[in-house]
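Engineer: this one's sequence-less:
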């Protein structure tokens, strides 16, 4: 079993009634002595808030960056991928529940120092905080990313639900290059009843991240009968275009039964294709389909030239020059 080693947390305030309020995410948990926040990995002890997962990894492997998914960000490269326990959501459909619902003292956790992770990450093209919600292990990611940026020119990434407050995001931004943000639906009702949160803070994180010059791609998991109505998909697509930009990469991901939603069938291929068509009709230029066989090549919106061919989670180098399509000269928003 992993030892109960704690690190004082960032972003919290003392309250008058011997409680504290965590200010890391939009839940703003009020926590009593000896208790934890909703994430289950931040605990109040002796008048201080502590992270219980600092330096603790449940998974530490190399992944292609396309698996995050990040399609317009250093394609064909590999990132050291770090995951631990805990989450600030309680999604009924969670596909990594063993981590998101896991204990910070789990025997599956292994302890690492900042130097350990940085040393390993330097063997690859970058490092990504993923698998569970990275926000809940904010302190360790902040320390690792900051040290990593001193050592080389590799990239950093978060695969996140976006439920982070503005000040932590601003503090992390100088060391964070890319984010894939899950927008799990486009109604507050879904977020309250199925996720355990609110929609607006996620949207706020997405827009702030773009303003902070972080590369942003978004993922929308399509769950039959829950968030797949054409009206909702249209509203989502319009919001992305108006707030993140028409060239934002959007990933519609196919649902498969998991966790507490095993009774819901997988998303029909036809529904996935319908979602893609709706997004394109609303002016989004780069719309991809995940968790099913699909044409996920990147094409120039100007002339249709194949910019980047993909197979499963791998791709080559984009066929662009000075950031533009070689054939028609249109700007192609791929970082490489």
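Structural biologist: Arrived safely. Fair warning: this is a prediction, and the values are worked out from it, not measured in the lab. Residues are numbered from 1 along each chain as shown.
Engineer: Which parts of the protein belong to which domain?
Structural biologist: According to the domain assignment given by automatic domain parsing, the chain is divided into the following structural domains: 7-51, 56-296.
Engineer: start to end distance for the shortest one?
Structural biologist: With Cα to Cα, to the nearest Å as the measure, domain 7-51 spans 5 Å from end to end.
Engineer: Now that domain: average pLDDT?
Structural biologist: Domain 7-51 comes out with an average pLDDT of 96.
Engineer: one step back: deepest-packed of the domains of the chain, please.
Structural biologist: Mean neighbour count, computed with mean count of other Cβ atoms under 10 Å, is highest for domain 56-296 among the domains of the chain, reaching a mean of 19. The way it works is simple: take the backbone N, C-alpha and C, and place the C-beta from them, glycine included.
Engineer: contact partners of the worst-scoring helix or strand of the chain on mean pLDDT?
Structural biologist: Every helix and strand in the chain was compared by mean pLDDT, DSSP states H and E; the lowest is strand 314-315, with a mean of 78. Counting contacts by Cβ atoms under 8 Å, 6 or more residues apart in numbering, the residues outside strand 314-315 that touch it are 64, 66, 71, 75, 76, 308, 309.
Engineer: of those residues, closest to residue 118?
Structural biologist: Using Cβ to Cβ, residue 64 comes nearest to residue 118 of the contacts of strand 314-315, at 20.8 Å.
Engineer: The closest one: what's it in contact with?
Structural biologist: With contact set as Cβ under 8 Å, 6+ apart, residue 64 has these partners: 76, 77, 78, 79, 313, 314.
Engineer: Based on its surroundings, how many neighbours for the fifth one?
Structural biologist: Residue 313: 14 surrounding residues under other Cβ atoms under 10 Å.
Engineer: give the contact list for it.
Structural biologist: Applying Cβ under 8 Å, 6+ apart as the definition, the contact partners of residue 313 turn out to be 63, 64, 66, 67.
Engineer: Mind checking which of these land in strands?
Structural biologist: The strands in this structure, assigned by DSSP state E, contain 63, 64 from those.
Engineer: Tell me the one of the contacts of residue 313 nearest residue 43?
Structural biologist: When the contacts of residue 313 are compared for distance to residue 43 (Cβ to Cβ), residue 63 comes out closest, at 30.3 Å.
Engineer: show me the contacts for the residue lying closest to that closest one once chain neighbours are set aside.
Structural biologist: In space, and not counting its chain neighbours, residue 63 is closest to residue 81: 4.5 Å by Cβ to Cβ, 6 or more residues apart in numbering. For residue 81, the set of contacting residues under the criterion of Cβ under 8 Å, 6+ apart consists of 59, 60, 61, 62, 63, 127, 128, 130, 131.
Engineer: Just put the contacts of residue 313 in CSV and tack on pLDDT and distance to residue 168.
Structural biologist: Formatted as CSV, those follow (pLDDT from 0 to 100; distance: Cβ to Cβ, whole Å):
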residue, pLDDT, distance to residue 168
63, 96, 25
64, 96, 28
66, 96, 27
67, 96, 25
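Engineer: quick one: which of the contacts of residue 313 is nearest residue 146?
Structural biologist: The nearest member of these to residue 146, counting by Cβ to Cβ, is residue 63 at 22.1 Å.
Engineer: Need the domains of the chain in CSV (columns: distance to residue 320).
Structural biologist: Formatted as CSV, the entries for the domains of the chain read as follows, by distance: least, Cβ to Cβ, whole Å:
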stretch, distance to residue 320
domain 7-51, 37
domain 56-296, 11
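Engineer: hey, where'd the helices end up in this structure?
Structural biologist: Under the criterion DSSP state H, helices of the chain are mapped to 97-100, 114-121, 138-151, 166-172, 188-190, 200-211, 230-243, 269-281.
Engineer: Would you mind putting the ones you listed into a markdown table with mean pLDDT alongside?
Structural biologist: Supplementary listing: these in a markdown table, determined by pLDDT from 0 to 100:
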| stretch | mean pLDDT |
| --- | --- |
| helix 97-100 | 95 |
| helix 114-121 | 98 |
| helix 138-151 | 98 |
| helix 166-172 | 98 |
| helix 188-190 | 98 |
| helix 200-211 | 98 |
| helix 230-243 | 98 |
| helix 269-281 | 98 |
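Engineer: Tabulate the ones you listed (a markdown table), appending distance to residue 51.
Structural biologist: Converted to a markdown table, the helices of the chain look like this (distance: least, Cβ to Cβ, whole Å):
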| stretch | distance to residue 51 |
| --- | --- |
| helix 97-100 | 16 |
| helix 114-121 | 13 |
| helix 138-151 | 5 |
| helix 166-172 | 13 |
| helix 188-190 | 29 |
| helix 200-211 | 20 |
| helix 230-243 | 32 |
| helix 269-281 | 37 |
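Engineer: Among the ones you listed, which comes closest to residue 55?
Structural biologist: Put simply, out of these the one that sits nearest residue 55 is helix 138-151, at 5.8 Å, with distance taken as Cβ to Cβ.
Engineer: Tell me which other helices or strands that closest one touches.
Structural biologist: With contacts defined as 3 or more Cβ pairs under 8 Å, 6 or more residues apart in numbering; DSSP states H and E, the secondary structure elements packing on helix 138-151 are strand 48-51, helix 114-121, strand 126-129, strand 155-160, helix 166-172.
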